[in-house]
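> What shape does this take:
(3 chains)
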Amino acid sequence: MTAGEVGLADQFAIHMTLARYCHRCDDADFEGLVALFTADAVFTYGNRSAHGSAELLAFFRDTQSRPEQRGKHLTVNEVYEPDGDRGDRVLAASDFVFLRFASGRLVPAIAGRYHDQFVRVDGEWRIARREVLTLEAFG
Amino acid sequence: MTAGEVGLADQFAIHMTLARYCHRCDDADFEGLVALFTADAVFTYGNRSAHGSAELLAFFRDTQSRPEQRGKHLTVNEVYEPDGDRGDRVLAASDFVFLRFASGRLVPAIAGRYHDQFVRVDGEWRIARREVLTLEAFG
Amino acid sequence: MTAGEVGLADQFAIHMTLARYCHRCDDADFEGLVALFTADAVFTYGNRSAHGSAELLAFFRDTQSRPEQRGKHLTVNEVYEPDGDRGDRVLAASDFVFLRFASGRLVPAIAGRYHDQFVRVDGEWRIARREVLTLEAFG
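As a prediction, the model looks like this:
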């Protein structure tokens, strides 16, 4: 499969969903964040996972809501490929960094890769599955 | 308004203007930097603002010209939407990080969000208004 | 030359090659990494350079293969322009940051700019020349 098989307009729309995820996460707009996912989406982060809008909302509120954890998510290096041949599913891999303040200094706290499945629902590309793989320090 | 309403070619052209802003800023090409703005552009950073090419040039020379302040701007997470229905104005929100050396180490010195209005002038997308909102450490 | 002269589909395809470079580098997939280059590509990093697939493979294995050097490459701020008028060559400038762990903390170890020449070979955009210019600390 080559990249070109995902249409340009779809790539742009998915890119913008990736961007909105960062904005809403950092702005603590968790309802808006969950609205980027399908109703039965699965979100996996390490050994934790959330399934469906209610669990996702609880997960984001629990892990993101403390002000001292707010910061800046950056999502870059996106690669897209079709998932099947129906044209309404796309697999995306992208890299992210999350910066936040620690002891008054801005530091990169987490970096990793998102493995996503996007599904087109009512003309909008939503995240049906997101697996977060974080970069770990070497022993 | 949906993202798709800004044409793909326009999104790419605006993306490239965002990139050139970073390049020219980091390269200390302040005339080139100001050329990315409209002649009467307004730039706001915290409680400082500059209005028009001459003030912008003075502002960038004043705040960016010391070599020890040079570094690397990264602009990511761009979201676009039309501003009105004439097709020649676009609102963009994006996130940025500015890295520079401090005591011999490369550090993320500033992170924040750009809120921009782009206007098409003579076939080119220029920045008519940029408001810089920086991420602040929590007390 | 204006940005618009490089077709949108080509810009997207090149963007994805830039992203794959980061992924494969960080995943230590050096054969996959070299496959993003033309067979006679030239890669220059400071005063070191590699010419052709075999030298590139040796270069990446030598400089990237130690686990403690693995991390996360981010490539952003891409600007494209045609290289000549045949439509099969593009010049790209982009900025990058490489984050890695040092003493258990994630730090931006290197930042800089890629100056690339892309060439379309058998329908795919490959890197024919990459020059890496790193940002240096000021004395």
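> Only C-alpha atoms from now on, for both contacts and neighbour counts.
OK.
> residues of the top helix by length along chain A that come out buried?
Ranked by number of residues, the top helix in chain A under DSSP state H is helix A:8-26. Neighbour-count burial for helix A:8-26, counted by 16 or more other Cα atoms under 10 Å in any protein chain shown, picks out A:8, A:10-26.
> How about stretch A:55-62?
Those would be A:E55, A:L56, A:L57, A:F59, A:F60, A:R61, for stretch A:55-62 by 16+ other Cα under 10 Å.
> that older thread, and the angle for the longest helix of chain A with helix C:8-26?
50 degrees (axes from the mean of the first three to the mean of the last three Cα atoms, to 10 degrees).
> what are the C-alpha coordinates of helix A:8-26, in CSV please?
Output of helix A:8-26 as CSV, limited to C-alpha atoms (Å, rounded to 0.1, in the frame of the first residue of the first chain):
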residue,chain,number,x,y,z
LEU,A,8,-5.4,14.4,-0.1
ALA,A,9,-8.6,15.9,1.4
ASP,A,10,-8.8,13.0,3.7
GLN,A,11,-5.2,13.4,4.8
PHE,A,12,-5.7,17.0,5.5
ALA,A,13,-8.9,16.3,7.5
ILE,A,14,-7.2,13.6,9.6
HIS,A,15,-4.2,15.9,10.1
MET,A,16,-6.6,18.5,11.5
THR,A,17,-8.2,15.9,13.9
LEU,A,18,-4.7,15.1,15.2
ALA,A,19,-4.1,18.8,15.8
ARG,A,20,-7.5,19.3,17.5
TYR,A,21,-6.7,16.4,19.8
CYS,A,22,-3.6,18.3,21.0
HIS,A,23,-5.5,21.6,21.3
ARG,A,24,-8.4,20.2,23.3
CYS,A,25,-6.2,18.1,25.5
ASP,A,26,-4.1,21.1,26.4
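> So it, near chain B or not?
Yes: counting by Cα under 8 Å from any Cα of the partner chain, chain B is contacted by helix A:8-26 at A:L8, A:A9, A:F12, A:A13, A:M16, A:L18, A:A19, A:R20, A:C22, A:H23.
> who touches the helix or strand that comes right after that helix?
As assigned by DSSP states H and E, the chain's next helix or strand after helix A:8-26 is helix A:30-34. The contact list for helix A:30-34, computed with Cα atoms under 8 Å, 6 or more residues apart in numbering or on different chains, reads A:R20, A:Y21, A:R24, A:C25, A:S53, A:L56, A:L57, A:F60, A:R61.
> Check stretch A:76-83 too.
A:1-3, A:5-6, A:11, A:15, A:89-96, A:117, B:76-77, C:16, C:18-20, C:22-23, C:74-76.
> And stretch A:95-109, by the same measure?
A:68-78, A:110-114, B:107-110, B:137-138, C:72, C:74, C:106-108.
> List buried residues within those.
With burial judged by 16+ other Cα under 10 Å, the buried subset of those is A:69-78, A:110-114, B:107-110, B:137, C:72, C:74, C:106-108.
> Among those, which lie within strands?
Members of those lying in strands (criterion: DSSP state E): A:71-78, A:110-114, B:107-110, C:72, C:74, C:106-108.
> by how many degrees do whichever strand or helix holds A:D40 and helix A:8-26 diverge?
Taking DSSP H and E as the criterion, A:D40 maps to strand A:37-45. Orientation of strand A:37-45 against helix A:8-26 (the same axes, to 10 degrees) gives an angle of 60 degrees.
> A:H115 against A:T134, yeah?
No: using Cα atoms under 8 Å, A:H115 makes no contact with A:T134, being 11.1 Å away.
> quick one: which of the two has more around it?
The residue with more neighbours, out of A:H115 and A:T134, is A:H115; 19 against 16, by other Cα atoms under 10 Å in any protein chain shown.
> Check the gap between the spatially closest residue to A:L8 that is not a sequence neighbour and A:G7 for me.
Residue nearest to A:L8 in three dimensions, not counting chain neighbours: C:A9, with 6.9 Å by Cα to Cα, 6 or more residues apart in numbering or on different chains. Per Cα to Cα, to the nearest Å, C:A9 is found 9 Å from A:G7.
> Please apply the same query to A:V121.
Distance check for A:V121 against A:G7: by Cα to Cα, it reads 16 Å.
> Same check on A:S53?
According to Cα to Cα, A:S53 and A:G7 sit 28 Å apart.
> Using PDB, write down the CA coordinates of the helix or strand of chain A with the lowest mean pLDDT.
The helix or strand of chain A with the lowest confidence, counting by mean pLDDT, DSSP states H and E, is helix A:53-64 at a mean of 93. Output in PDB follows, covering the C-alpha atoms of helix A:53-64 (Å, rounded to 0.1, in the frame of the first residue of the first chain):
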ATOM      1  CA  SER A  53     -17.200   7.800  25.200                       C
ATOM      2  CA  ALA A  54     -18.000   7.600  29.000                       C
ATOM      3  CA  GLU A  55     -14.800   5.700  29.800                       C
ATOM      4  CA  LEU A  56     -12.800   8.000  27.600                       C
ATOM      5  CA  LEU A  57     -14.100  11.100  29.300                       C
ATOM      6  CA  ALA A  58     -13.400   9.600  32.700                       C
ATOM      7  CA  PHE A  59      -9.900   8.600  31.600                       C
ATOM      8  CA  PHE A  60      -9.000  12.100  30.300                       C
ATOM      9  CA  ARG A  61     -10.500  13.800  33.300                       C
ATOM     10  CA  ASP A  62      -8.500  11.500  35.600                       C
ATOM     11  CA  THR A  63      -5.100  11.700  33.900                       C
ATOM     12  CA  GLN A  64      -5.200  15.200  32.400                       C
END
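> how far is that helix from where the chain is centred?
13 Å (Cα atoms, centre = their mean, to the nearest Å).
> which residue does chain A bring closest to chain C?
Going by Cα to the nearest Cα, chain C is nearest to A:N77 of chain A, at 4.2 Å.
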